[in-house]
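1. Structure here, sequence nowhere to be found:
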């Protein structure tokens, strides 16, 4: 009798969990859920909600507050990439992206709920696969996290099974080929924005060629995200699917001013999409930055991900408190560094990296030093030996503009034989010369169409916005591809009219 009662209780509990909201309040910013009044601003700001209708942040929050967990829409938080646009837009101060992560944490703990949560993930992945070319890679990096908790690891192993099964199923889908008389489009850059546009254009029957300077396609997917967060064979499998549709990806092909001009002048390509990302490392502009052992973060991560020869020091200092800096610090640990210290201007609360990423880094042995700014890098025999820091009193002024204030009377030194600079990245636009208008170092476009100042040339992703999130780059690729298709159709109509 008791077993029957327990069975019925569990059935009801799996549908409506009355205590769920209270458990959620104990994780990260789960307590801010009480401020949500369902205005829908978070959904309006969310790039992913524009891709799949089942993903609606305000609806996820509503269902979570009610304790309803057994329908696909209630579990779409698994697809949240924590781009933070929802949180930035919320007038009530709900930390939406952190609530989403709290929901993921609870999902990994509630073993009774795994079956319907993962069943919903499979359905949502299918919907996502119809809208973007790398649903598995995107979800993997948004969701799967290494952990020292045995139960969480069991949950994520099951998540991986769903992702790998989905990857195998998506590969079996029928592929398309360009029409014989299709217009040709050139795409510069094979990152998330470029490949999304290539996939969309290929689906419409256009002939697409992608030019990539690195030996591997994928952009930051391949070289910016460490393999412990995203296995490279998963990325390669989804890129192979794009190639199978007829997209020609030419790696080891750098585009300079002459190359770009020839693309425009040859007449072979009817349109060009610039999606080169933000591959330029920002400099500290302090003494000692050119010493041996001082390494830009993107160079460090690229060499690590492409298995290029790289000497990692025993005492590593990472300068920069963003997610890329955290990735670099955790990567240095995996490369055998004996000590890794991360220094940043921001206080612990102001650090731009996600809280859970910081906690993972600390758990793995990274020492996080907040409110310190680099003053100079010292060396011996032209090799880095020490970094001198000064206390940062504040990072932003009263208008929230970046304007750090330092107290030079308070200093700190850190011994180092390797220093990784991770203070931000910028677009690389030299190859455009003066042919395309720029704005503050990035390509200037019409945000509704991604059109540049040059006829037939479009741009999107980090090359326009500066460093942004993965899902924002994907959304930019979709907008650009739709605009290119419209542009080509209008050009044909004009030609027919003549």
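-> Structure's in. What do you need? This structure is a prediction, so every number in the text was calculated from the model and none was measured.

2. Identify the residue spatially nearest to residue 21, adjacent ones excluded.
-> Closest residue in space to residue 21, ignoring its immediate chain neighbours: residue 65 at 5.3 Å, by C-beta to C-beta, 6 or more residues apart in numbering. For glycine as for every other residue, the C-beta is placed from the backbone atoms N, C-alpha and C.

3. Work out for me the element that neighbour sits within.
-> helix 57-66 (DSSP states H and E).

4. List the buried residues of that helix.
-> Buried residues in helix 57-66, counted by 16 or more other C-beta atoms under 10 Å: 57-65.

5. who are the neighbours of the following helix or strand past that helix, in terms of helices and strands?
-> Counting by DSSP H and E, the next helix or strand C-terminal to helix 57-66 is helix 85-89. Helices and strands touching helix 85-89, by 3 or more C-beta pairs under 8 Å, 6 or more residues apart in numbering; DSSP states H and E, are helix 41-45, helix 96-109.

6. ok, of those, where does mean pLDDT dip lowest?
-> Confidence, taken as mean pLDDT, is least for helix 96-109 of the helices and strands packed on helix 85-89 (a mean of 90).

7. Going by neighbour count, which residues in it are buried?
-> In helix 96-109, counting by 16+ other C-beta under 10 Å, buried: 96-108.

8. Mean confidence (pLDDT) on stretch 126-138, please.
-> 93.

9. Pop the domain breakdown of the chain in here.
-> The record's domain parsing of the chain by automatic domain parsing lists 10-171, 184-279+427-497, 282-425.

10. wait, which of those domains is closest to residue 177?
-> domain 184-279+427-497 (4.6 Å; C-beta to C-beta).

11. The closest one: how far from the chain's middle?
-> Domain 184-279+427-497 has its C-alpha centroid displaced from the chain centroid by 17 Å (C-alpha atoms, centre = their mean, to the nearest Å).

12. which residues of this structure score low on pLDDT?
-> Low-confidence segments of the chain (pLDDT under 70): 1-16, 72, 144-147, 171-176, 495-498.

13. In it, which residue is most central in space?
-> residue 470 (3.2 Å; C-alpha atoms, centre = their mean).

14. Was I right to think it contacts residue 141?
-> Yes: the pair residue 470 and residue 141 passes the contact test of C-beta atoms under 8 Å, sitting 7.0 Å apart.

15. Remind me what the helix holding residue 65 packs against, helices and strands.
-> Other helices and strands packing on helix 57-66, by 3+ C-beta pairs under 8 Å, 6+ apart, are helix 20-24, helix 41-45, helix 96-109.

16. That one: how far from the chain's middle?
-> Relative to its chain's centre, helix 57-66 lies at 24 Å (C-alpha atoms, centre = their mean).

17. ok, now which ones touch the residue nearest to the centre of the chain?
-> Applying C-beta atoms under 8 Å, 6 or more residues apart in numbering to residue 470 gives the contacts 81, 83, 138, 141-142, 192, 220-221.

18. all strands for the stretch 151-300 of the chain, in order.
-> For the stretch 151-300 of the chain, the strands defined by DSSP state E, counting those that start in this stretch occupy 184-188, 207-211, 248-250, 271-274, 280-281, 294-296.

19. The helices and strands packed on helix 57-66: which one's closest to residue 239?
-> Closest approach to residue 239 among the helices and strands packed on helix 57-66 is made by helix 96-109 (26.5 Å; C-beta to C-beta).

20. report the angle between the axes of that closest one and helix 57-66?
-> Taking axes from the mean of the first three to the mean of the last three C-alpha atoms, to 10 degrees, one finds that helix 96-109 is oriented at 50 degrees with respect to helix 57-66.

21. quick one, phi psi at the residue nearest to residue 132 when sequence neighbours are not counted?
-> Counting by C-beta to C-beta, 6+ apart, residue 474 is the residue found nearest to residue 132 once chain neighbours are left out, at 5.5 Å. Per-residue torsions, residue 474: phi -60, psi -50 (degrees, to the nearest 10).

22. With residue 389 instead?
-> phi -120, psi 150.

23. so it touches residue 345, yeah?
-> No: contact criterion C-beta under 8 Å: residue 389 and residue 345 do not qualify, at 9.8 Å.

24. which one of the buried residues of helix 57-66 is nearest residue 263?
-> Among these, residue 57 lies closest to residue 263 (C-beta to C-beta), at 39.8 Å.

25. burial measure for the residue lying closest to the closest one once chain neighbours are set aside, as a count.
-> Leaving aside its sequence neighbours, residue 57 sits nearest to residue 42 (C-beta to C-beta, 6+ apart; 4.2 Å). Residues lying near residue 42 (other C-beta atoms under 10 Å) number 29.

26. Just to check, residue 42 is in contact with residue 90?
-> Yes: between residue 42 and residue 90 a contact is recorded at 5.6 Å, counting by C-beta under 8 Å.

27. Give me the common contacts of the two.
-> Shared contacts of residue 42 and residue 90, defined by C-beta under 8 Å, 6+ apart, comprise residue 96.

28. which residues touch residue 253?
-> Neighbours of residue 253 in contact, by C-beta under 8 Å, 6+ apart: 211-213.

29. Now distance to residue 382 too, for those, in CSV please.
-> Listed next are the contacts of residue 253 as CSV, based on distance: C-beta to C-beta, whole Å:
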residue, distance to residue 382
211, 37
212, 34
213, 29
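
30. just these now: which is nearest residue 443?
-> residue 211 (16.2 Å).

31. My read is that the closest one contacts residue 255, right?
-> Yes: look at residue 211 against residue 255 with C-beta under 8 Å: they come within range, at 5.5 Å.

32. who's more crowded, those two?
-> It is residue 211, of residue 211 and residue 255, that has more neighbours when counted by other C-beta under 10 Å, with 23 against 20.

33. Kindly provide the distance from that one to residue 264.
-> Distance from residue 211 to residue 264, counting by C-beta to C-beta, to the nearest Å: 13 Å.

34. picking that back up, among the contacts of residue 470, which two are most distant?
-> Maximum pairwise distance among the contacts of residue 470 (C-beta to C-beta): 15.4 Å, between 83 and 221.

35. who has more neighbours, those two?
-> Taking other C-beta under 10 Å, residue 83 and residue 221 do not tie; residue 221 has more neighbours (27 against 21).

36. Settle this for me: that one is touching residue 189, isn't it.
-> No: if you go by C-beta under 8 Å, residue 221 and residue 189 don't touch, sitting 11.7 Å apart.

37. hey, where'd the helices end up in the stretch 351-498 of the chain?
-> Per DSSP state H, counting those that start in this stretch, the stretch 351-498 of the chain has helices spanning 355-363, 462-465, 470-497. These are given in chain order.

38. any chance of these in CSV, with distance to residue 393 too?
-> Listed next are the helices of the stretch 351-498 of the chain as CSV, based on distance: least, C-beta to C-beta, whole Å:
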stretch, distance to residue 393
helix 355-363, 21
helix 462-465, 30
helix 470-497, 32
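
39. if you compare those, which one is most tucked away?
-> With neighbours defined as mean count of other C-beta atoms under 10 Å, these peak in mean count at helix 462-465, which reaches a mean of 25.

40. Touching that one from outside, list them.
-> Helix 462-465 is contacted from outside by 189, 191, 193, 274-278, 425, 427-429, 442-445, 450, 468, 472-473, 476, using C-beta under 8 Å, 6+ apart.

41. Tell me which of the helices and strands packed on helix 57-66 sits nearest to residue 52.
-> Closest to residue 52 of the helices and strands packed on helix 57-66, according to C-beta to C-beta: helix 41-45, at 11.8 Å.

42. for that closest one, the distance to its chain's centre please.
-> Computed by C-alpha atoms, centre = their mean, the separation of helix 41-45 from the middle of its chain amounts to 19 Å.
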